[in-house]
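> Pasting the sequence and the predicted model now:
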Amino acid sequence: MIEFRKRVDVVRGALGIGAMIAMAAPACAQDIPLQPFAVNHERRVDSAADARFLLDGPAGKYGFIQARDGHLYRGDGQRFKCWGVNMTGWAVGSEEIPSHHDAEIYAAELARLGVNCVRLHFLDRPDTVNAVQNEGADRSPTAGPFTHGPRGLIRGDVDNSREFNQERLDNLDYWIAELKKNGIYVDFNLNVGRRFKAGDGVPDADLLGPAKAYTYFGPELVALQKEYAKQLLGHTNPYTKLRYADDPAVAIVEVVNENSLLEFWMRNWLRGERVKGGANLQLDMTPHYQALLVGMYNDWLVKNRSAAELTKLRGMAGVSAGQPVPFMRRGDHVEAPRLRLDAELAFLTQVEIDFHAEMKRFLKDEVGVKSPIVPMADHTYFIANQPLMRTASKSDILDAHVYWQHPAIYGRRNEPMVNSPELSIIQKLARSATAGKPYTVSEVNHPYPSDYGSEMIPILASYAALQDWDGIFFYTFETKISGKWTPMIGDHFDMTLDPVKMAQMPAGAMLFLRGDVSAAKKVLTRSYSTDQVSEASRLPRADMPYYTPGFDMKIPLVHGSRVSCLDCKPTLPSPLPASNPIVSDTGELSWRTDGGKDGLVTVDTPRSQALVGFVSANTQVQTRNLSADIKNRFATITLSSLDGKPLNLSNRMLLTTTGKVENTGQQWDERRAMLTNWGTAPTVIEPITGWIQLKDLEGAIGVSATPLDGAARPIGPEIKGRMIEPGWEIAVGTPVTTSYLIRVER
């Protein structure tokens with residue numbers, strides 16, 4: 001690889017810079033009329049543009065996935081990475097657990113997209129539409145046109161949450177068998193959004209909602225979680241003849257989703273900064289659970305704090321001897337004496353650690369689970385994650401969630417990530433990666449609507465590969481019910497009918513799964529003392545996402561970045577020199593901005609290259625084999641080898657040209673931040689219009705491009721490339737498309 005790159009550099013030098021970049025003067029960036037372009041998974045058939053070749057089915061053929069030496073491995077010792085999607089069913093015409101017919105369609109379709117893992121989310125929700133009517137607010141207060149929430153396994157027509165709908169269980173079994181057949185692994189989520197009922201014998205069941213935090217210590221809730229896990233993972237799939245606990249196609253099991261006592265404890269005091277001294281107890285629980293947790297806390301204090309410390313704690317809390325020490329009120333954390341802050345932190349951490357240790361023991365010893373287990377995810381960058389990592393670091397896999405400008409965040413939220421390298425999702429995710437542990441991202445998206453959503457997949461895939469992470473699961477993919485869907489984006493998070501993101505999934509799979517982007521040459525670590533962990537828990541939001549004063553946020557864009565240890569001698573990498581662009585230590589990734597505008601990320605590897613961002617404002621920037629002269633202001637262009645050869649020798653390539661996407665007739669508010677009208681079908685895109693140059697194609701005597709429709713079928717005749725001084729030039733924009741199959745004659 002190194003020698004190959006040296007030879008290319010020599011050739012480029014011999015040709016001269018002028019010859020390498022010669023092209024017509026760039027057209028001025030301008031608005032391009034949006035044109036209809038719909039995704040149709042039902043009509044898709046195998047295509048030369050597919051990334052199915054990246055999968056090695058059936059899933060589990062090499063044995064169980066193992067977590068060791070800081071990464072995931074197959075049973076044959078080969079590295080294993082997940083390029084995945086979450087499975088939900090929120091939007092119109094969607095279904096979380098597809099019918100047998102639709103299972104066959106979508107298992108094959110996911111494989112074509114390069115998806116080799118699915119995260120089965122919300123299986124613990126009711127099976128009936130009415131049981132979850134109008135619960136879109138659970139996900140976003142600016143939700144799109146929901147008709148129902150995800151219909152899961154649990155019967156909604158009985159007064160308990162302990163019974164499975166057998167028809168839906170059968171559909172799930174068939175779905176997983178089809179996924180397995182196509183080389184796609186499964187990540188089972190256990191406790192996600194279950195609503196407990198009076199018939200479960202749960203105190204205050206009708207007041208708990210999804211019971212976040214309560215599930216850690218309510219004894220009835222803990223017992224019910226174990227029962228559910230055994231029902232699901234101990235179930236034998238009649239189509240595979242295996243219990244899920246015994247099926248090597250089950251790659252991961254997750255215990256709880258976005259659920260942490262510590263997280264809610266810290267989140268509440270952050271809200272308390274605005275209501276300091278408020279009357280409510282910091283943990284807003286029902287009286288039953290509040291008394292239970294306070295009792296547990298005081299039992300813990302007796303065992304873990306001296307009599308003198310207990311006396312001081314009572315004095316700080318203003319209670320007399322013999323009275324229980326309460327938790328702090330909202331807003332008290334910032335100025336709380338360390339004795340009190342540390343006691344609450346230590347206790348809640350121990351509750352979490354004990355719960356997850358017992359659940360892991362139960363899953364491994366009593367259910368027989370053989371897959372790696374994830375206890376919880378670091379899912380918010382609005383609070384420090386160091387306290388949570390004390391629990392998470394004891395797991396088989398470290399995991400995190402993040403979204404770029406989540407729709408629940410009001411205000412100006414239609415901004416390009418490419419203009420903010422030091423605040424990007426890469427930063428928010430890299431903070432959780434830990435030395436010696438596999439690292440996955442089980443929820444991530446650049447939610448709709450956004451003028452800049454095309455930037456997410458290539459940037460995330462590339463920097464995740466640089467960081468040598470082990471998995472990415474986009475949130476979310478919603479299988480459509482045959483004949484009951486319309487070609488529009490029906491939800492902030494559903495990527496299934498998004499023409500831009502669907503076009504990029506195969507390209508992202510090649511960047512990440514195939515390893516086209518190399519791992520960083522150097523990994524820099526940091527560590528935290530006990531004192532730093534405690535103080536991080538009350539640092540202001542201005543210190544997000546790392547809550548580590550002095551940490552240079554350019555580091556994850558240049559080198560590998562990991563936390564080496566907690567509660568140990570503190571260390572911090574030295575800051576890097578100022579630079580623009582910020583270039584990875586491999587030389588393959590570059591991120592530039594012009595004072596926070598006109599940002600551009602370039603990916604330049606032998607088999608995959610990309611231009612992401614304000615391409616027309618950076619006409620001088622190009623990669624080894626790719627440059628563009630386009631009219632669009634913002635675009636994401638990727639070029640991927642489909643035959644495994646370096647691009648300069650490849651005979652078959654996938655070119656994606658993507659930009660803005662909307663629903664027909666959608667309307668923005670006056671700040672172009674949120675929608676006032678969601679719009680209707682079909683989706684429309686801004687076609688990337690102009691010329692794409694493919695350079696240094698050794699021995700090429702002809703280049704052609706076949707535009708593809710939303711089912712990856714050819715649209716009209718091939719577009720013949722024109723030979724120019726640097727290589728070959730292809731006109732793009734007509735017909736309207738997001739993807740081209742490139743053929744090179746030699």
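Yep, it's here.

> low-scoring stretches of this structure, by residue?
1-30, 129-149, 268-284 (pLDDT under 70).

> middle-most residue in it, spatially?
Centroid-nearest residue in the chain: Val444, 2.4 Å away (criterion: Cα atoms, centre = their mean).

> now it: how far from Arg79?
Look at Val444 and Arg79: by Cβ to Cβ, to the nearest Å, they are 21 Å apart. Heads up, the C-betas are built off the backbone N, CA and C, glycines and all.

> again with His356
Distance, His356 to Arg79, using Cβ to Cβ: 26 Å.

> For the two, indicate the residue with more neighbours.
In terms of neighbours (other Cβ atoms under 10 Å), His356 is the more surrounded of His356 and Arg79; the figures are 21 against 11.

> Let's verify the nearest residue to Ile688 once chain neighbours are set aside: helix, strand, or coil?
Distances taken as Cβ to Cβ, 6 or more residues apart in numbering place Thr657 nearest to Ile688, at 3.6 Å, with adjacent residues excluded. Secondary structure state of Thr657, per DSSP: H, G, I helix; E, B strand; the rest coil, is strand.

> and Thr657, what are its bridge partners?
Beta bridges link Thr657 to Ile637, judged by DSSP bridges.

> my guess is it contacts Tyr740, does it?
Yes. With contacts counted by Cβ atoms under 8 Å, Thr657 reaches Tyr740, the gap being 7.3 Å.

> what helices or strands is the host helix or strand of the residue nearest to the centre of the chain leaning on?
In this assignment (DSSP states H and E), Val444 forms part of strand 439-445. If you count contacts as 3 or more Cβ pairs under 8 Å, 6 or more residues apart in numbering; DSSP states H and E, strand 439-445 packs onto strand 82-87, strand 398-403, helix 425-430, helix 456-466, strand 471-477.

> between it and strand 471-477, how many degrees?
Orientation check (axes from the mean of the first three to the mean of the last three Cα atoms, to 10 degrees): strand 439-445 against strand 471-477 gives 20 degrees.

> Strand 439-445 pairs with which strands, parallel or anti?
Short version: by DSSP bridges, strand 439-445 pairs with strand 398-403 (parallel), strand 471-477 (parallel).

> can you list these in TSV and add mean neighbour count and distance to Ser527?
Below are the strands paired with strand 439-445 laid out as TSV (neighbours: other Cβ atoms under 10 Å; distance: least, Cβ to Cβ, whole Å):
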stretch	mean neighbour count	distance to Ser527
strand 398-403	24	15
strand 471-477	26	25
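
> any common contacting residues for Thr657 and Tyr740?
Counting by Cβ atoms under 8 Å, 6 or more residues apart in numbering, the contacts common to Thr657 and Tyr740 are Val732.

> Quantify the burial of Ser260 by counting its neighbouring residues.
Using other Cβ under 10 Å, Ser260 has 28 neighbouring residues.

> How about Asn580?
12.

> cool, Thr676 as well?
What Thr676 shows, counting by other Cβ under 10 Å, is a neighbour count of 9.

> residue boundaries of the strands in the stretch 201-350 of the chain?
Along the stretch 201-350 of the chain, counting by DSSP state E, counting those that start in this stretch, strands occupy 236-237, 242-243, 250-256.
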